[in-house]
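Participant: turn this into a structure:
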Amino acid sequence: MAGTLASLGVTVHRPTDVAPQTGSVRTPAWSASVVPPLNIRDNTLIVGDEIIETSPMIRSRYFETQLLKPVFQEYFRRGARWSVMPRPLMTDASFDLSYARSSTAGGPMEPIEDPQPSRYDVGHEMLFDAAQCLRLGRDIVANVSTRNHELGVDWLERHLEGRFRIHRVHKLSDSHIDSMVLALRPGTLLCRSEAVLDYLPEPLRKWDVIVPPAPESYNFPQYEDDDLILTSRYIDLNVLSVSPDTVLVNEACPELMRELERHGFTVVPVRHRHRRLFGGGFHCFTLDTVRDGGLEDYLV
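Facilitator: Numbering: from 1, shown residues only. Predicted coordinates for the structure are as follows:
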């Protein structure tokens, strides 16, 4: 994928690898295994000239943005703003489990079966991923499904007051929305279904909407019963717009490629067979840091 982006004139930066000997991290309240930064869009929101590290919802991802620090540091030296949303304590009591308990989807949240009290409890905390946001110029559409999300959006509104407008949508998904709705270019949305429009702000309902055919099951590898499947079969809607007319699409999804071509897009196919195990698609794997109508910078 990095090679494909570079061939399109994009400057590509890479995160630091997780050291092989790194097994777990520990805070006063818990310990967790360390995971590599595969889906780097999840925990960082780029708004204008500002980098915002958001509050993670999974303990194993608590220090994930540390692996992006060399890149962020260079942007800061070049004049970028750099903020960090308050880091949660993440005790069992921090999580609003109401959505996970009422939905079969579950969502990317710490799996807490039997919450236990802790001396560090402060009640529900802000736990909010950047991938819950759809950025449209000076407007940000933010998905809210739990009290944790509400607190995170409260912080964003106060932090960005006067610079960006936040539009809340409620329970469009468990949290991340980039396999539900994506802006391919100004005036054009890619949506999982027409029903998605009912959740969006009124101005977006007037945009052109592309709803691709349902994915065919044969496009996905078969796994063992005990394999951890992290995404739905709609994960291939998680495409990446490189420019207003060029979109990176998983080559395993021919129906989607044909539909985008029918609407005038140039489709660049990239192979990614095991996206359901990786827990993300091309939009998740990338973090566009500079978009000015010319060449773009990407973290991948």
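
Participant: check the protein and tell me which residue is nearest its centre.
Facilitator: For the chain, A131 is the residue whose C-alpha lies nearest the centre (C-alpha atoms, centre = their mean; 2.7 Å).

Participant: wait, is that one part of a helix?
Facilitator: Yes: per DSSP: H, G, I helix; E, B strand; the rest coil, A131 lies within a helix segment.

Participant: tally of neighbours for the closest residue to it other than its chain neighbours?
Facilitator: With sequence-adjacent residues excluded and distances taken as C-beta to C-beta, 6 or more residues apart in numbering, A131 is closest to H176, at 4.0 Å. (Glycine included, C-beta is placed from N, CA and C.) If you count neighbours by other C-beta atoms under 10 Å, H176 ends up with 26.

Participant: tell me who's in contact with H176.
Facilitator: Applying C-beta atoms under 8 Å, 6 or more residues apart in numbering, we find H176 in contact with 42, 108, 129, 131-132, 143, 284.

Participant: let's see the pLDDT reported for it.
Facilitator: Looking at H176, its pLDDT stands at 91.

Participant: that one: what secondary structure?
Facilitator: Going by three-state DSSP, the state assigned to H176 is coil.

Participant: going forward, count from 386.
Facilitator: Happy to do that; since the first residue is 386 now, the last one works out to H561.

Participant: distance of it from T476?
Facilitator: Using C-beta to C-beta, to the nearest Å, H561 is found at 23 Å from T476.

Participant: just V432 next, same as before
Facilitator: Taking C-beta to C-beta, one finds V432 at 29 Å from T476.

Participant: tell me which of those two has more neighbours.
Facilitator: More crowded of V432 and T476, by other C-beta under 10 Å: T476, with 22 against 19.

Participant: which residues sit in contact with the more buried one?
Facilitator: When contacts are counted by C-beta under 8 Å, 6+ apart, T476 touches 414-415, 503, 505-507.

Participant: buried set for stretch 591-598?
Facilitator: Using 16 or more other C-beta atoms under 10 Å as the test for burial, stretch 591-598 gives 592, 594-597.

Participant: stretch 404-424 too?
Facilitator: So stretch 404-424, judged by 16+ other C-beta under 10 Å, has buried residues 410, 412, 414-415, 417, 419, 422, 424.

Participant: which of the contacts of T476 lies closest to L633?
Facilitator: Comparing the contacts of T476 against L633 with C-beta to C-beta places W415 closest, at 36.8 Å.
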